[in-house]
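Undergrad: Sequence unavailable; structure follows:
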């Protein structure tokens, strides 16, 4: 296997498709429309403006992993404490708790 480049195994990129990206250097915003993992470096295809086609954006493996990690749901922190961690307090049935808002994920 000398002379061959070993690529990391492909990962599920479904969470990346359709995400918005902001290019602060050029002051533009676009959406990820494709991902190519068959190259030596991961490549994103980004549509910066409707009707203008897509642009090839090459990433390092570290940048690609960071982008994927940012899209994964955070499972480390529980959204609600376990029943054993909740302190016993008298409940006041006359005062309902307000509904919690949830952030939308794309």
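TA: Happy to help now that I have it. Being a predicted model, the structure only gives us computed values, none of them experimental.
Undergrad: What residues sit buried inside whichever strand or helix holds residue 67?
TA: Using DSSP states H and E, residue 67 falls within helix 61-71. When burial is assessed from 16 or more other C-beta atoms under 10 Å, helix 61-71 yields the following buried residues: 64, 67, 68. Using the backbone N, CA and C atoms, a C-beta is placed for each residue, glycine as well.
Undergrad: same question, stretch 25-45
TA: 30, 31, 32, 35, 42, 43, 44, 45.
Undergrad: residues in contact with it?
TA: Residues outside stretch 25-45 that contact it (C-beta atoms under 8 Å, 6 or more residues apart in numbering): 5, 7, 10-11, 13, 16-23, 46-49, 54-61, 63-64.
Undergrad: Can you say which of those residues are buried?
TA: Among the contacts of stretch 25-45, those buried by neighbour count (16+ other C-beta under 10 Å) are 13, 16, 19, 21, 46, 47, 48, 57, 64.
Undergrad: Roughly how far does the closest residue to residue 17 other than its chain neighbours sit from residue 41?
TA: Closest residue in space to residue 17, ignoring its immediate chain neighbours: residue 32 at 5.9 Å, by C-beta to C-beta, 6 or more residues apart in numbering. Separation of residue 32 from residue 41 (C-beta to C-beta, to the nearest Å) stands at 16 Å.
Undergrad: now residue 72
TA: To residue 41, residue 72 is 21 Å away according to C-beta to C-beta.
Undergrad: before we move on, what about residue 69?
TA: Distance from residue 69 to residue 41, by C-beta to C-beta: 17 Å.
Undergrad: Residue 60 now?
TA: 6 Å.
Undergrad: Run the angle between the lengthiest strand in the chain and helix 61-71 for me.
TA: The longest strand of the chain (DSSP state E) is strand 28-36. Per axes from the mean of the first three to the mean of the last three C-alpha atoms, to 10 degrees, the angle that strand 28-36 makes with helix 61-71 is 110 degrees.
Undergrad: After strand 28-36, which helix or strand is next?
TA: Next along the chain after strand 28-36, taking DSSP H and E as the criterion, comes strand 43-47.
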